[in-house]
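Asker: based on what follows, work out the 3D shape:
(one chain, ligands or ions: 1)
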Amino acid sequence: MLKTIILLGAPGAGKGTNAKRITKEFNIPHISTGDMFREALKNETELGKLAKSYMDKGLLVPDEVTISLVKERLAKDDCKDGFLLDGFPRTLHQAEELEKIGETINRPINYVIDINVPESVLKDRICGRRVCKNCGAPYHVTNLKPKVEGVCDLCGGELIQRKDDNEEALKTRLDEYHRQTEPLIEFYSKKGIIHEVNGTKDLDELMSDIKEILK
Ligand code: AMP
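Answerer: Next up is the predicted model:
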């Protein structure tokens, strides 16, 4: 079956890390709305400036902006043979609009993978997370250290802490997740396409569970 995939999960569940592994394995584009907003911010576009005002506080960027961004991205040629959405949809309205986009481009979502991680673990993961300023590769101050402190193993870029990776913004992000994103679990359960995985497992073990779902 065509690999049209959504990765669901709370902030810190490991969506980005697993998305990179899955998209490499299946050779499909990794579409992360968070990365797209951060890229727009780096390029100082109007979209970037707008997104920043929400992201820094841990709030969701308004639906209309996010949906049109994804709609445009999914219409590109490289999505013809599948894609993975990381961090989208995050609201029921986004999910409903995604259904319509899927119909238009004739590529409905076939798999939703929900990564489960207990809330106590999320806080440690988020507050200790560091990312490469250049390529976005994720690290952690104790669990996933780079070979040289502050330097990305992959590209030599500087490691930084995301502005929204602090306790205060995390509280808002978790509230947003529970209020707006969690209802998607029921939405996709009703469609019979959701699969739960245990995000506290070792990355290789988790990847083999995911491959089993996607085979
Ligand atoms: P992420 O990198 O997925 O953790 O996203 C970082 C931030 O980008 C979120 O806290 C939101 O402010 C914004 N964002 C990313 N994806 C979405 C989305 N689908 N809808 C609204 N805001 C989003």
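Asker: now the closest residue to Val141 other than its chain neighbours: how far from the ligand?
Answerer: Leaving out its chain neighbours, the residue that sits closest to Val141 by Cβ to Cβ, 6 or more residues apart in numbering is Gly128, at 4.3 Å. C-beta coordinates here come from the backbone N, C-alpha and C atoms, glycine included. Distance of Gly128 to the ligand, computed by Cβ to the nearest ligand atom, to the nearest Å: 15 Å.
Asker: contact partners for Gly128?
Answerer: Contacts for Gly128 (Cβ atoms under 8 Å, 6 or more residues apart in numbering) come out as His140, Val141, Thr142, Asn143.
Asker: most remote residue from this protein's center?
Answerer: Val148 (26.6 Å; Cα atoms, centre = their mean).
Asker: now name the helix or strand holding that one.
Answerer: Using DSSP states H and E, Val148 sits within no helix or strand.
Asker: look up how far Tyr139 lies from it.
Answerer: 11 Å (Cβ to Cβ, to the nearest Å).
Asker: and what of Asp175?
Answerer: 26 Å.
Asker: hang on, Met1 packs against Arg107?
Answerer: No: with contact defined as Cβ atoms under 8 Å, Met1 does not count as touching Arg107 (11.3 Å).
Asker: among the two, which residue is more densely surrounded?
Answerer: Between Met1 and Arg107, Arg107 has the larger neighbour count (other Cβ atoms under 10 Å), namely 17 against 8.
Asker: pLDDT weak spots in the chain?
Answerer: Scanning the chain for pLDDT under 70 picks out nothing.
Asker: please name the nearest non-neighbouring residue to the residue in it that the ligand sits nearest to.
Answerer: At 2.1 Å from the ligand, Gly34 is the closest residue in the chain, using Cβ to the nearest ligand atom. Spatially, and ignoring its direct neighbours in sequence, Gly34 is nearest to Gly87 (4.8 Å; Cβ to Cβ, 6+ apart).
Asker: from memory the one you found sits against Arg38, does it?
Answerer: No: counting by Cβ under 8 Å, Gly87 does not reach Arg38; the two are 11.0 Å apart.
Asker: this completes my enquiry, with thanks.
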